[in-house]
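A.B. asks: give me a 3D structure for the following:
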Amino acid sequence: MQPFISLTGIAAPIQGRNIDTDQILPARFLKADRARGYGQFFFHDARFEADGREKPDFVLNREPFRHATIVVADENFGCGSSREGAVYALHDFGVRAVIAPSFGDIFYNNCLKNGVVPVQLERAVVTGLLDRLRAEDRPEMTVDLENLRIGRPDGAQHAFALDPFWRECLLQGVDEIQLTLGSLDRIEAFERQYRADMNWLGEPPAAAR
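C.D. replies: Below is the predicted model:
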């Protein structure tokens, strides 16, 4: 996945509390080929009529929000099932950060593992952001992961917190396995020294050499 350092882009305000993963990605699309991209299924039933026509009132079908790279949502965003495909849809649509007062726990962790930054802020702050985004012609925001801040064009900023381990993974564009393998030389050096210090253990099995 791509490293995430700082992103400035269109932020789309998504209305409604407790938006679940079935709204983000309806279950019938879970068998679709990921190689073709899940972005087309992002909020599918809210975006499209049964005949495929766009619903003009939905925020992601309006300019400039159809080009959103940031989503601002309400409480408990991504609740419901554990489907990782909901984050695939978010990511493949082009969204790299989600700002909300709270998230479904599994959805939050799936974001971290798939290169999407989940930003949790106080509800009063998020409510203010939602109101501003709906009122502006060019609703841009910046999510600065390096400095753990979000900003608006008027200069307003808000700090946020993220687990240091996952922040490092996102900054480097790796998952937890790739981050660990980045220290492979040090791991192997430790194992060699450990064997030397604990020589009573004997030689390791051939398969482990």
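
A.B. asks: ok, for residue 141, nearest residue in space, not its chain neighbours?
C.D. replies: Of all residues not flanking residue 141 in the chain, residue 11 sits nearest, at 4.2 Å (CB to CB, 6 or more residues apart in numbering). The way it works is simple: take the backbone N, C-alpha and C, and place the C-beta from them, glycine included.

A.B. asks: now do the one you found against residue 154, distance only.
C.D. replies: Separation of residue 11 from residue 154 (CB to CB, to the nearest Å): 13 Å.

A.B. asks: so for those two, which residue has more residues nearby?
C.D. replies: residue 11 (28 against 8; other CB atoms under 10 Å).

A.B. asks: surely that one is in contact with residue 67?
C.D. replies: No: Residue 11 lies out of contact with residue 67 (CB atoms under 8 Å); the separation is 10.6 Å.

A.B. asks: how much space separates the residue nearest to residue 141 from residue 190?
C.D. replies: Distance, residue 11 to residue 190, by CB to CB: 45 Å.

A.B. asks: go on, residue 74?
C.D. replies: To residue 190, residue 74 is 47 Å away according to CB to CB.

A.B. asks: ok, residue 130 - contacts?
C.D. replies: 13, 15, 72, 74 (CB atoms under 8 Å, 6 or more residues apart in numbering).

A.B. asks: per the annotation, how does the chain divide into domains?
C.D. replies: Domain assignment of the chain by automatic domain parsing yields the ranges 6-172, 175-209.

A.B. asks: kindly reformat those domains as TSV containing mean pLDDT.
C.D. replies: Supplementary listing: these in TSV, determined by pLDDT from 0 to 100:
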stretch	mean pLDDT
domain 6-172	96
domain 175-209	75
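
A.B. asks: quickly compare these and say which is most buried.
C.D. replies: domain 6-172 (a mean of 17; mean count of other CB atoms under 10 Å).

A.B. asks: and it, how far out from the chain's middle?
C.D. replies: Relative to the centre of its chain, domain 6-172 is centred 7 Å away, using CA atoms, centre = their mean, to the nearest Å.

A.B. asks: quick check: end-to-end length of that domain?
C.D. replies: In domain 6-172, first residue to last residue: 12 Å (CA to CA, to the nearest Å).

A.B. asks: kindly report the same for stretch 134-149.
C.D. replies: By CA to CA, one end of stretch 134-149 lies 21 Å from the other end.

A.B. asks: ditto for stretch 163-177
C.D. replies: For stretch 163-177, the end-to-end distance is 17 Å (CA to CA).

A.B. asks: OK, contacts around residue 81?
C.D. replies: With CB under 8 Å, 6+ apart, residue 81 has these contacts: 20, 21, 22, 27.

A.B. asks: relative to the whole chain's centre, how far out is the strand or helix carrying residue 196?
C.D. replies: For residue 196, the element it lies in under DSSP states H and E is helix 184-197. Its chain's C-alpha centre and that of helix 184-197 lie 35 Å apart, by CA atoms, centre = their mean.
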